[in-house]
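1. need a structure here:
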Amino acid sequence: MLARVSAALLGVALFAGTACAQETTIKFTLGWKTQGSDAAFFYAKDNGFFKEEGLNVVIDQGEGSGATVTRIMSGAYDAGFGDVNAIIQNASTKPQDAPVMVYMIWNQPPFAIVTKKTSGINTIKDFEGRTLGGAQGTPTTRLLPVFASKNKLEGEKIKISNMAPNLQEPMLIKGDIDAALVFNITSYFNLVLNRQDPDKDYKWFSFGDYGLDLYSNGMMVSRKLLASNPKAVAGLVRAVNKAVIAIAKDQNAGMKAAVNYDNLINAEVEKRRLQFSFDKLIVSPEMKEIGVGDVKDDRMARAIGIIVEGYQLARAPAPSEIFSREFLPPRAERELVYTAN
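-> Presented below is the predicted three-dimensional model:
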């Protein structure tokens with residue numbers, strides 16, 4: 001009798017061990033501190049989407065959307081939310097180490113120049129002879145020469161004042177600079193938090209409207225994970241896709257998950273940020289045509305060319321080195337309908 005009980009217990013233990021072994025842990029880094037625009041990742045976790053795919057996804061805050069790439073390349077993280085343009089930069093010199101984007105989320109670029117409506121800057125030509133505040137190393141600042149060249153501006157007449165990112169809006173508000181080189185989804189809400197009205201009192205010039213038709217942030221994975229566990233990558237993409245589709249219809253549910261992850265966030269502001277991400281960065285004619293998560297190869301090739309020029313890269317990576325649609329769910333499952341609520 002004792003032998004049969006022992007055997008049964010051993011069987012249960014072996015089964016439990018097998019079940020645990022089947023669950024894959026993925027270390028995932030966000031692009032920055034907790035924000036409403038990250039809600040899909042929290043929603044997927046809270047609603048068991050990752051667990052359904054046999055995944056234990058551990059989500060950590062980030063240090064910048066470019067830093068997502070270096071965090072993954074270091075081996076500290078398996079996947080994350082970050083800037084595809086940082087992948088392009090690294091893939092140019094370290095193609096074997098750079099991560100691969102597997103689910104494009106921000107179909108439109110957030111790179112923009114913001115100025116007060118009272119500044120007298122009404123067209124991009126008016127940037128000549130003005131001082132723009134830029135954070136050194138950020139894509140918006142680095143790509144300004146390309147922006148100027150493509151729009152036939154006299155770049156030498158545009159002065160750049162280098163500053164920390166957190167000083168850009170305060171100095172713009174005070175009038176110490178004429179305009180700031182920013183990420184719109186960050187700067188817009190920095191202005192809100194500084195009791196400004198970014199729609200009524202500020203003018204925005206998006207790089208995407210002036211010849212720099214770039215892709216931006218999405219979900220990327222390490223080459224190691226791609227090679228060792230493609231099943232986990234496919235599951236990760238399916239889970240996040242389901243979450244993105246869900247919160248497009250119900251932002252309150254997305255924000256509930258975000259607050260569950262970090263109850264110190266300003267839920268009212270972050271809900272607006274989540275909706276801003278859909279309005280300005282996710283929903284576009286291209287996204288409606290090809291579905292959320294995918295890209296157009298010809299546009300990606302042009303975007304790579306812009307980054308190669310702007311960063312003076314020695315080699316232009318092929319689009320297939322930067323983005324893989326191998327793990328995307330069928331087009332019908334990536335039909336995103338956004339309703340602000």
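2. where does the protein dip in pLDDT?
-> 1-21 (pLDDT under 70).
3. which residues does the most centrally placed residue in it contact?
-> The C-alpha lying nearest the average C-alpha coordinate of the chain belongs to residue 217 (CA atoms, centre = their mean; 2.6 Å). The contact partners of residue 217, by CB atoms under 8 Å, 6 or more residues apart in numbering, come to 31, 65, 81-84, 105-106, 110, 281. Where you see a C-beta, it was placed from the backbone N, CA and C, and this is true even at glycine.
4. residue 76 now?
-> For residue 76, the contact set (CB under 8 Å, 6+ apart) comprises 27, 29.
5. doesn't it belong to a helix?
-> No - secondary structure of residue 76 (DSSP: H, G, I helix; E, B strand; the rest coil): coil, not part of a helix.
6. tell me, how many residues neighbour the closest residue in space to residue 24 that isn't next to it in sequence?
-> Spatial nearest neighbour of residue 24, excluding adjacent residues (CB to CB, 6 or more residues apart in numbering): residue 232 at 4.6 Å. Look at residue 232: counted by other CB atoms under 10 Å, it has 23 neighbours.
7. got the contact list for residue 232?
-> 24, 26, 53-55, 225.
8. which residues touch stretch 111-120?
-> With CB under 8 Å, 6+ apart as the test, stretch 111-120 has contacts from 121, 124, 126-127, 130, 132, 139-140, 143, 172, 175, 178-184, 187, 191, 198, 201-208, 212, 214, 216.
9. so which of those are in helices?
-> Here DSSP state H is the test, and those give 139-140, 172, 184, 187, 191 as lying in helices.
10. which one of those residues is nearest residue 38?
-> residue 184 (16.5 Å; CB to CB).
11. torsion angles phi and psi at the residue nearest to that closest one when sequence neighbours are not counted?
-> Nearest residue to residue 184 in three dimensions, chain neighbours excluded: residue 112, at 4.4 Å (CB to CB, 6+ apart). Torsion angles at residue 112 (phi, psi; degrees, to the nearest 10) stand at phi -150, psi 160.
12. beta partners for residue 112?
-> residue 182, residue 206 (DSSP bridges).
13. now, the most widely separated pair of the contacts of residue 217?
-> Pairwise distances across those (CB to CB) peak at 13.9 Å, for the pair 82 and 281.
14. and these two? which has more neighbours close in?
-> Each of residue 82 and residue 281 has its neighbours counted (other CB under 10 Å); residue 82 has more, 30 against 22.
15. what sits against residue 182?
-> By CB under 8 Å, 6+ apart, residue 182 lies in contact with 111-114, 140, 168.
16. my error: substitute residue 324 in the last question.
-> Contacts of residue 324 (CB under 8 Å, 6+ apart): 100-102, 226.
17. closest one of the residues you listed to residue 61?
-> Distances from residue 61 to these, taken by CB to CB, are shortest for residue 101, at 20.4 Å.
18. look up how far residue 324 lies from that closest one.
-> Per CB to CB, to the nearest Å, residue 101 is found 7 Å from residue 324.
19. can you confirm residue 316 is in a strand?
-> No - counting by three-state DSSP, residue 316 is not found in a strand; it is coil.
20. turn the ones in helices among the contacts of stretch 111-120 into a markdown table, columns for neighbour count and distance to residue 304.
-> Below are the ones in helices among the contacts of stretch 111-120 laid out as a markdown table (neighbours: other CB atoms under 10 Å; distance: CB to CB, whole Å):
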| residue | neighbour count | distance to residue 304 |
| --- | --- | --- |
| 139 | 25 | 14 |
| 140 | 23 | 18 |
| 172 | 26 | 32 |
| 184 | 24 | 22 |
| 187 | 24 | 26 |
| 191 | 22 | 32 |
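21. let's have those in TSV, adding distance to residue 315.
-> Listed next are those as TSV, based on distance: CB to CB, whole Å:
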residue	distance to residue 315
139	19
140	24
172	37
184	30
187	32
191	39
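22. residue 163: which of those is nearest?
-> residue 172 (10.3 Å).
23. residues in contact with the closest residue to that closest one other than its chain neighbours?
-> Excluding its sequence neighbours, the residue lying closest to residue 172 (CB to CB, 6+ apart) is residue 180, at 4.9 Å. Residue 180 makes contact with 113-115, 132-134, 168-169, 171-172, 187 under the criterion CB under 8 Å, 6+ apart.
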